[in-house]
Structures are given as C-alpha cells and as structure tokens.
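K.L.:
Next input, structure requested:
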Amino acid sequence: MLTSVMGTVLLTIKQYLFAGENKIRYNNIMNKYKNIIKINRLFLFLISLLLVVFSCSVAVSSQDEPESNTDVRVTSVPKNLLVELFINADCATCPKAAFCLEDLTWGYEPGRVVLAELHIWGDGHDTPETNARYDWYVGDGIKGTPDTFFNGMSERIQGLCCDCGDINENYDGYQQIIEKHLTEFSPISITANQSIYGGKMVIEGEISNVSHSLLQNLFISGIVYFEGDDTEFYYLVRDIFENQDICQLTPMEKRKFSFVSDLDLSELTDDELDRYYAVIFIQDKLSKEIIQSFLVQ
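P.N.:
From the prediction side, this is the model:
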C-alpha cells in the first residue's frame, strides 16, 4: 500500500514539474525522495535486527534460571501429605492431637493424606527406628510430645496446634495446615505394590522424575504401620525402612526400588495382615522436606 501511494504522489509531481524550468526542481525533489526511501529501509532493517536479538536473549535467560527440588514451574504432579505425629503414652495432650489428626485423615481420599503415629521414649509401643527418626529431625533442639511434622520439616507444630487447648480450635488449625499443603506439587511420582513372602512384607516399585530439573541429595525410605482400634494406635508405626540414597535423579529418569520389612508376619491371619500398610516417601537429606509420598494399598 505504501508503494502504491508513493507511486501516485510521484506521478502527480512528475506531471506538474517535468515541463520546462521546473525540471530542475523535479530532479531535486526526486533526489530527496530517494534519500527518504533509503532511510526508511535502513530503519526497518534495524528494527528487525533488534527484535531478533531480543528474542534470542529471552530464550537464553529462561534456560539459565536455577531450578530446585520443588520447582513447580516444571512438569509436576499433586504432592501427597505425610503427617508424622510423635507421641508418648504418658503425654497428657497427645490424645487430643491424635484425635484431631486421625479424624481429619479419614476425611480425605486414601493416600492423599497419610498419618503415621510414632511412639517414642520407651512407652512400650516405640521402636529403635521411631526414636532414631525423631532424633534425626530434632537433633539438639527442643523436644517434646506431641510433635507433628507435615511432609518432614516443611512444617512443624510442637505441642498442640492451638495453645488454648480447645478441641475445635485445634481441629480447625490442623485442617488449615493440611489444606495448605495439599495445594502443593511435586516433581516426583511414585508407584509401588505390596506382597508377603515367607512372612515378610516386600515392597517393590518405581520412582520417576517427571520434571525437567536435576534432583539431588535425596533418599527413599518407607514406614510400615498397623491399623489399630484406639486413638493414638490407629496408625501405629511398627517399622521404618533403611534409607536408600539417591545422589541425583536426572530429568525424566525412572528408577526401581525394593524394601523388605524386618517384621515377622508369618503367624498372622489374613485379616490381621490386611491391617498392615506401607508408605513410601522421598525426602531431601539437607532440608529434611518430604518431596513425595505414596500409600501402598
């Protein structure tokens, strides 16, 4: 369209100026016109070049952005919530915390929220593994029961959720924490199945890095709990698997795993065996945050 308009203007100028003494004026106008065309072409070329350079710089900068074990900008899956409640039989406030978390857990799809009740400090229901795990979390820090960890050290609640002691306010407080964590995503997916061989529980499965990020400094482990009949024992932890280190998990990499529980289940009936469950989880060794968990059903 620009060329057509310029052509029309040029033809009009030519008809008016080309005769006689106006010829010199015509030539001057033509020279100015040609210079304008050259300048416009140069201007358009420079604009195009700047656009190309800008596009390339944006692409390079996006590739150079650092990524972490919980980078949700990459491909991810819903992150399940593992709640570890450390309790003791002599603790006066532990039943209240257990009641709230047990009731809340029942309200979610199986595996979406998993509660593990870990007894500690020689109350007759603890194990060396449950005590060791609590010490690993807390170290030389302040200890006490109840002590609740939501996806590891992602969030910790010492004592009750509400200092007032009101059961309803504690219930609402725990529920808000759970709902918050269920909005998160994970770069790892887990699949697993459970079987009994020779009286031993065997867990076999596969983990997958579904993201485009390199994941490092992780380990995979698991918990075996028994579904009891009373509060503080509905999710009684009986065994904790030994950690298996994952130095790194490359983008889209899949890796198989297996665990064998130390529990002797050979004398149990089928109904009793059906009350044993395993939870597999991936945890960051440095931050102690649980990246993903999976309830084996």
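K.L.:
where do the helices sit along the chain?
P.N.:
Using DSSP state H, the helices of the chain run over residues 2-17, 22-63, 94-106, 128-138, 167-181, 270-273.
K.L.:
For the longest one, give the mean pLDDT please.
P.N.:
What it means is helix 22-63. Per-residue pLDDT over helix 22-63 has a mean of 50.
K.L.:
One more: the third one?
P.N.:
Helix 94-106 shows an average pLDDT of 97 in the prediction.
K.L.:
do the first one as well
P.N.:
Helix 2-17 shows a mean pLDDT of 46.
K.L.:
check contacts around the residue positioned nearest the centre of the chain.
P.N.:
Centroid-nearest residue in the chain: S186, 2.4 Å away (criterion: CA atoms, centre = their mean). Residues in contact with S186, defined by CB atoms under 8 Å, 6 or more residues apart in numbering, are T70, S76, V77, P78, K79, N80, I291, Q292. To be clear about C-beta, it is placed using only N, CA and C from the backbone, and glycine gets the same treatment.
K.L.:
let's go with 6 Å and repeat that
P.N.:
S76, V77, K79, I291, Q292 (CB atoms under 6 Å, 6 or more residues apart in numbering).
K.L.:
In strands only, show me these.
P.N.:
By the criterion of DSSP state E, membership of those in strands covers V77, I291, Q292.
K.L.:
which residue sits closest to L218, ignoring its sequence neighbours?
P.N.:
The shortest distance from L218 to any non-neighbouring residue, by CB to CB, 6 or more residues apart in numbering, is to I246 (4.2 Å).
K.L.:
quick one: pLDDT of the one you found?
P.N.:
The predicted local confidence for I246 is 98.
K.L.:
can you pull out the strands in the stretch 151-297 of the chain?
P.N.:
With DSSP state E, counting those that start in this stretch, the ranges of strands along the stretch 151-297 of the chain come out as 155-158, 185-186, 188-197, 200-209, 215-226, 236-240, 244-249, 254-260, 276-284, 290-296.
K.L.:
what helices or strands is the fifth one leaning on?
P.N.:
Counting by 3 or more CB pairs under 6 Å, 6 or more residues apart in numbering; DSSP states H and E, the packing neighbours recorded for strand 215-226 are strand 236-240, strand 244-249, strand 276-284.
K.L.:
thinking again about what came up before, filter the contacts of S186 to the buried ones?
P.N.:
If you count burial by 16 or more other CB atoms under 10 Å, the buried members of the contacts of S186 come out as S76, K79, I291, Q292.
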